[in-house]
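1. here are the coordinates; sequence isn't available:
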C-alpha cells in the first residue's frame, strides 16, 4: 500500500464522489473534469490494491469495501475540517451566507433568529433574498431554503415545513364568511410570487377560481398578510408564515379549509460545506425550531 500522503488527492476525490453521489457532480465540486476524478479513483484503487467501485456501463456504485472506506474517509475529512475550523476561529470571524425568499425571511426565519444568535453570537449571518424559492441556486451562498419535493441529489437537506394554505383576514372581516363558496365574492389579496395559491385552494374545495376582477395584487405574500391585517381583504397564507399572527389574534382563519400540496420547504447546502462549523451549527439549530 502506498504512503498515505501520496493518496491524499485520490482520497479527496473519493470523498467528493461519496458526498456528491456521483462522479460528474464530484467533478463540479472539485472544479475538475469527470475524467480527472475517474483517474484519481483508479489511482486510489491501485494504491490500495482493493476494488472500491462496481462499474456497469456509465453507472458506478460502491463495493462493500468501498462503502466502509467511504464512511471512514468522510468522517476523517470532517474531523480535519473541524480542526481547521477551530484554528480559523481564532483568526477571523465565522460567517454563514444564506439565500431565501423575502416572504420566508420576513415571516418565518427572521422572527426565529434571536435563538440562533443567543447560542452562536460569534457567527456572522448574511441573508440574501431571491424571488423564486424553486430556483434557489447555491452560488455565492453556503445554504439556501428551497421549495420543492426534496428530491435533489446534489445537496444535503433538512425538511422545514410543507405547503399548507389557509385564507386569513382581520378579525372584523371574518363574520359573514362561513364556507369556501362565500369567498367567491370576497375581496381577495393575490401574491405575485404565488399566483397559483388561490386557484389551488378553490380547486381543493371543489370550486372554480373566480376572475381577478375583485381584489388587489401585491408583490409578495408578506405584503398580502399586512394588507389582510389592515382589513383590505382576504389573503391566502402559507400557514407556517402566519402562526404567530393567528396565535395573537392579529389574523384569523377566514374559512376552515386547508389546501395541501406535495411540496415543501427545505434548507439545502453543498455536501462539501456541510461539515464546516457555521453550516453544521445552523442546521442543528434550524432542526430544533422548524
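-> Cool, the structure landed. Remember, it's a predicted structure, so these values are computed and weren't measured experimentally.
2. mind listing the strands for the stretch 151-290 of the chain?
-> Taking DSSP state E, counting those that start in this stretch to define them, one finds strands in the stretch 151-290 of the chain at 156-169, 188-191, 216-218, 234-238, 252-253, 259-269.
3. So which of these is nearest residue 146?
-> strand 259-269 (5.0 Å; CB to CB). Yep, even glycine has a C-beta here, placed from its N, CA and C like the rest.
4. Now do that closest one: which elements does it pack against?
-> If you count contacts as 3 or more CB pairs under 8 Å, 6 or more residues apart in numbering; DSSP states H and E, strand 259-269 packs onto strand 143-148, strand 156-169, helix 197-204, helix 277-289.
5. List the neighbouring strands of the first one plus their orientation.
-> So the one you mean is strand 143-148. Under the criterion DSSP bridges, strand 143-148 sits next to strand 94-100 (parallel), strand 259-269 (antiparallel) in its sheet.
6. my read: residue 123 touches residue 280, true?
-> No. Under the criterion of CB atoms under 8 Å, residue 123 makes no contact with residue 280, lying 10.9 Å away.
7. and residue 12, what helix or strand is that in?
-> Using DSSP states H and E, the element containing residue 12 is helix 8-20.
8. Name the residues of the following helix or strand past that helix that come out as buried.
-> Scanning forward in sequence from helix 8-20 by DSSP H and E, the next helix or strand is helix 23-30. By 16 or more other CB atoms under 10 Å, the buried positions in helix 23-30 come out as 23, 25-30.
9. for stretch 187-199, same thing?
-> 187-191, 193-194, 197-198.
10. Need the max-distance pair from those residues.
-> 187 and 193 (19.6 Å).
11. Around residue 175, how many other residues sit close by?
-> By other CB atoms under 10 Å, the residues close to residue 175 number 7.
12. and the biggest helix by length in the chain, what other elements does it pack with?
-> In the chain, with assignment by DSSP state H, the single longest helix is helix 64-89. If you count contacts as 3+ CB pairs under 8 Å, 6+ apart, helix 64-89 packs onto helix 8-20, helix 277-289.
13. now, of the ones you listed, which is deepest in the fold?
-> helix 8-20 (a mean of 20; mean count of other CB atoms under 10 Å).
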